[in-house]
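**Q** Here is my input, please return the structure:
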Amino acid sequence: MKKLFIAIFALTFILAGCASVDLENKEQSEAAKIFKQPDPDKAGIYVYRPSTIAGDGMRLDVYLDGDCLGATGPNVFLYKEVPANIYHTVASESVVSPNELKVYISGGKNYFFRQTPTVEGLISGIYTAKLAEVTESVGKKAISKMDQGKTGKCYSDFHLSTLFD
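**A** Residues are numbered from 1 along each chain as shown. Alright, predicted model coming up:
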(Lines give C-alpha, C1' and ligand atoms only; values in the text may rest on other atoms or scores of the structure.)
Protein backbone atom coordinates (compact mmCIF):
# COMPACT_ATOMS: atom_id res chain seq x y z
CA MET A 1 0.00 0.00 0.00
CA LYS A 2 2.84 2.36 0.86
CA LYS A 3 4.46 1.76 -2.55
CA LEU A 4 1.17 2.50 -4.29
CA PHE A 5 0.82 5.78 -2.38
CA ILE A 6 4.38 6.81 -3.29
CA ALA A 7 3.80 5.89 -6.93
CA ILE A 8 0.58 7.92 -7.10
CA PHE A 9 2.25 10.89 -5.40
CA ALA A 10 5.23 10.79 -7.78
CA LEU A 11 2.98 10.46 -10.82
CA THR A 12 0.80 13.36 -9.67
CA PHE A 13 3.86 15.58 -9.18
CA ILE A 14 5.33 14.69 -12.57
CA LEU A 15 2.10 15.14 -14.49
CA ALA A 16 0.62 18.11 -12.66
CA GLY A 17 3.65 20.11 -11.62
CA CYS A 18 4.59 23.28 -13.39
CA ALA A 19 8.18 24.42 -13.39
CA SER A 20 8.82 28.13 -13.38
CA VAL A 21 12.00 29.78 -14.59
CA ASP A 22 13.21 33.38 -14.60
CA LEU A 23 12.13 35.22 -17.75
CA GLU A 24 13.58 38.06 -19.78
CA ASN A 25 11.52 41.26 -19.85
CA LYS A 26 8.60 41.43 -22.28
CA GLU A 27 10.36 43.83 -24.66
CA GLN A 28 13.39 41.57 -25.03
CA SER A 29 11.18 38.51 -25.51
CA GLU A 30 9.14 40.24 -28.22
CA ALA A 31 12.32 41.47 -29.96
CA ALA A 32 13.67 37.90 -30.10
CA LYS A 33 10.39 36.80 -31.70
CA ILE A 34 10.99 39.11 -34.66
CA PHE A 35 13.53 36.49 -35.82
CA LYS A 36 15.89 39.07 -37.31
CA GLN A 37 18.34 37.61 -39.80
CA PRO A 38 21.82 37.69 -38.23
CA ASP A 39 24.86 39.24 -39.91
CA PRO A 40 26.84 36.90 -42.22
CA ASP A 41 29.42 36.15 -39.52
CA LYS A 42 26.78 35.38 -36.86
CA ALA A 43 23.89 32.96 -36.37
CA GLY A 44 20.92 32.82 -34.03
CA ILE A 45 20.32 29.78 -31.82
CA TYR A 46 16.79 29.24 -30.51
CA VAL A 47 16.01 26.39 -28.09
CA TYR A 48 12.37 26.02 -27.15
CA ARG A 49 10.31 23.73 -24.98
CA PRO A 50 6.63 23.10 -25.62
CA SER A 51 4.26 22.12 -22.85
CA THR A 52 3.93 18.34 -22.48
CA ILE A 53 1.89 16.14 -20.15
CA ALA A 54 4.94 14.38 -18.75
CA GLY A 55 7.59 16.85 -17.77
CA ASP A 56 5.85 20.17 -17.14
CA GLY A 57 6.96 19.93 -13.52
CA MET A 58 10.62 19.86 -14.51
CA ARG A 59 12.91 22.82 -14.96
CA LEU A 60 15.68 21.86 -17.43
CA ASP A 61 18.99 23.61 -18.00
CA VAL A 62 20.33 24.09 -21.52
CA TYR A 63 24.01 24.45 -22.36
CA LEU A 64 25.67 25.94 -25.43
CA ASP A 65 29.27 24.90 -25.98
CA GLY A 66 29.50 23.81 -22.35
CA ASP A 67 28.24 27.11 -20.90
CA CYS A 68 24.83 27.77 -19.38
CA LEU A 69 22.45 29.14 -22.02
CA GLY A 70 19.51 29.19 -19.62
CA ALA A 71 16.72 27.05 -18.20
CA THR A 72 13.43 26.07 -19.73
CA GLY A 73 10.03 25.39 -18.30
CA PRO A 74 6.89 24.69 -20.31
CA ASN A 75 6.36 27.17 -23.17
CA VAL A 76 9.73 28.87 -22.70
CA PHE A 77 12.41 29.55 -25.31
CA LEU A 78 16.03 30.65 -25.13
CA TYR A 79 17.94 32.71 -27.70
CA LYS A 80 21.56 33.58 -28.28
CA GLU A 81 23.52 35.00 -31.19
CA VAL A 82 26.75 33.06 -31.77
CA PRO A 83 29.80 33.16 -34.05
CA ALA A 84 29.01 31.39 -37.30
CA ASN A 85 30.71 28.98 -39.67
CA ILE A 86 31.85 26.65 -36.89
CA TYR A 87 30.43 23.71 -34.93
CA HIS A 88 28.40 24.43 -31.80
CA THR A 89 27.14 21.95 -29.21
CA VAL A 90 23.63 22.35 -27.79
CA ALA A 91 23.02 20.17 -24.71
CA SER A 92 20.03 19.55 -22.47
CA GLU A 93 20.11 18.61 -18.81
CA SER A 94 19.33 14.96 -18.20
CA VAL A 95 19.43 12.69 -15.17
CA VAL A 96 20.14 9.55 -17.18
CA SER A 97 22.52 10.43 -19.99
CA PRO A 98 23.89 13.43 -21.84
CA ASN A 99 21.64 14.79 -24.56
CA GLU A 100 23.53 16.96 -26.97
CA LEU A 101 23.68 17.88 -30.61
CA LYS A 102 26.82 19.03 -32.36
CA VAL A 103 25.77 21.13 -35.34
CA TYR A 104 27.65 23.13 -37.96
CA ILE A 105 26.18 26.64 -37.81
CA SER A 106 26.33 28.73 -40.98
CA GLY A 107 26.28 32.52 -40.94
CA GLY A 108 23.27 34.72 -41.56
CA LYS A 109 20.76 32.10 -40.38
CA ASN A 110 18.66 31.23 -37.36
CA TYR A 111 18.63 27.66 -36.04
CA PHE A 112 15.80 26.11 -34.04
CA PHE A 113 15.97 23.22 -31.56
CA ARG A 114 13.02 21.64 -29.75
CA GLN A 115 13.60 20.28 -26.24
CA THR A 116 11.10 17.58 -25.30
CA PRO A 117 11.09 16.25 -21.71
CA THR A 118 10.36 12.56 -21.28
CA VAL A 119 10.05 10.45 -18.18
CA GLU A 120 11.71 7.04 -18.12
CA GLY A 121 9.52 4.95 -15.86
CA LEU A 122 6.81 7.16 -14.40
CA ILE A 123 7.12 5.62 -10.96
CA SER A 124 10.85 6.16 -10.72
CA GLY A 125 10.59 9.75 -11.93
CA ILE A 126 13.82 9.51 -13.92
CA TYR A 127 13.70 12.13 -16.63
CA THR A 128 15.55 13.07 -19.75
CA ALA A 129 15.02 15.69 -22.42
CA LYS A 130 15.44 15.00 -26.09
CA LEU A 131 16.80 17.66 -28.42
CA ALA A 132 15.91 17.84 -32.09
CA GLU A 133 16.66 20.41 -34.76
CA VAL A 134 13.45 21.62 -36.41
CA THR A 135 12.72 23.70 -39.49
CA GLU A 136 12.56 27.47 -39.30
CA SER A 137 8.80 27.53 -39.92
CA VAL A 138 8.10 24.96 -37.18
CA GLY A 139 10.36 26.78 -34.71
CA LYS A 140 8.96 30.23 -35.41
CA LYS A 141 5.37 29.04 -35.07
CA ALA A 142 6.04 27.41 -31.69
CA ILE A 143 8.14 30.25 -30.27
CA SER A 144 5.66 32.96 -31.29
CA LYS A 145 3.41 31.84 -28.40
CA MET A 146 6.16 31.49 -25.76
CA ASP A 147 8.11 33.63 -23.29
CA GLN A 148 11.88 33.99 -23.34
CA GLY A 149 13.83 32.45 -20.47
CA LYS A 150 16.62 34.38 -18.76
CA THR A 151 19.89 33.92 -20.63
CA GLY A 152 22.71 32.57 -18.46
CA LYS A 153 20.42 31.49 -15.58
CA CYS A 154 20.74 27.75 -14.87
CA TYR A 155 19.53 25.96 -11.76
CA SER A 156 21.55 22.75 -11.54
CA ASP A 157 24.85 22.81 -9.70
CA PHE A 158 25.91 19.63 -11.44
CA HIS A 159 25.73 18.72 -15.11
CA LEU A 160 25.77 14.93 -15.54
CA SER A 161 27.25 15.04 -19.03
CA THR A 162 30.58 16.13 -17.52
CA LEU A 163 30.98 12.52 -16.41
CA PHE A 164 31.08 11.42 -20.04
CA ASP A 165 33.76 13.84 -21.30
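
**Q** Buried residues, the top strand by length along the chain. List them.
**A** Across the chain, the longest stretch assigned as strand under DSSP state E is strand 109-120. By 16 or more other C-beta atoms under 10 Å, the buried positions in strand 109-120 come out as 110-117, 119. Using the backbone N, CA and C atoms, a C-beta is placed for each residue, glycine as well.

**Q** Check those residues and tell me the two furthest apart.
**A** Across those, the longest distance by C-beta to C-beta is 30.3 Å; it joins Asn110 and Val119.

**Q** Lys150 is in contact with Leu23, isn't it?
**A** Yes - with contact defined as C-beta atoms under 8 Å, Lys150 reaches Leu23; the gap is 6.2 Å.

**Q** quick one on the thing from earlier: next secondary structure after the longest strand of the chain?
**A** strand 126-134 (DSSP states H and E).

**Q** Pull the number of nearby residues for Asp65.
**A** Close neighbours of Asp65, defined as other C-beta atoms under 10 Å, add up to 16.

**Q** Would you mind measuring from it to Ile53?
**A** Using C-beta to C-beta, to the nearest Å, one gets 32 Å for the distance from Asp65 to Ile53.

**Q** Spit out the contact partners of Asp39.
**A** 107-108 (C-beta atoms under 8 Å, 6 or more residues apart in numbering).

**Q** Remind me which helix or strand it belongs to.
**A** Asp39 belongs to no helix or strand, assigned by DSSP H and E.

**Q** Which residue, neighbours along the chain excluded, lies closest to Thr128?
**A** Sequence neighbours aside, Ser94 is the residue nearest to Thr128 in space, at 4.3 Å (criterion: C-beta to C-beta, 6 or more residues apart in numbering).
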